[in-house]
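Trainee: 3D model of this:
(one chain, ligands or ions: 1)
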Amino acid sequence: MSNKSKFFFIDCSEAAECCNKSQYKEAKFFDKVRLMFHLTFCKTCRSFSSKNSKLTSLIEKSKIQTCPDENKEQWRKEIKKELVEERN
Ligand SMILES: [Zn+2]
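Mentor: Modelled structure (predicted):
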């Protein structure tokens with residue numbers, strides 16, 4: 001993966017780390033963005049985060065839960081496109 005992809009794509013362990021940081025208010029803005037991004041795609045972490053009240057309020061603030069499915073679909077398409085372009 002390129003650095004650009006790595007910037008946005010974190011794995012579940014990194015997401016958990018961001019999650020812990022956000023509990024202790026140590027998370028940087030980009031940590032939160034990456035965490036949100038991960039939660040958009042990862043059901044496992046979403047269900048984990050729903051048990052974490054601090055994180056849930058963070059997500060509510062970001063309005064990610066009210067993000068329409070079409071928007072998420074659009075993101076997925078754009079990400080896929082970007083990844084294909086990077087491989088070429
Ligand atoms: Zn995950």
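Trainee: Pull up the residues of this structure that are close to the ion.
Mentor: Proximity of the chain to the ion is confined to C12, A15, C42, T44, C45 under the rule Cβ under 5 Å from the ion. In short, each C-beta sits where N, CA and C put it, glycine included.
Trainee: Any of these buried? List them.
Mentor: Applying 16 or more other Cβ atoms under 10 Å to the residues of the chain next to the ion, the neighbour count classes A15, C42, C45 as buried.
Trainee: which residues of this structure fall in helices?
Mentor: Using DSSP state H, the helices of the chain run over 3-8, 12-23, 29-41, 43-50, 53-62, 69-87.
Trainee: Any stretches of this protein with poor pLDDT?
Mentor: 1-7, 22-24, 49-68, 79, 82-83, 85-88 (pLDDT under 70).
Trainee: if we can go back for a sec, could I get the buried ones among the residues of the chain next to the ion in CSV, plus columns for distance to E78?
Mentor: Compiled in CSV, those are given as follows (distance: Cβ to Cβ, whole Å):
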residue, distance to E78
A15, 20
C42, 18
C45, 21
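Trainee: can you pull the contacts of K21?
Mentor: Taking Cβ atoms under 8 Å, 6 or more residues apart in numbering, we find K21 in contact with A27, D31.
Trainee: Now do it against A15, distance only.
Mentor: 11 Å (Cβ to Cβ, to the nearest Å).
Trainee: which residues touch T44?
Mentor: If you count contacts by Cβ under 8 Å, 6+ apart, T44 has them with C12.
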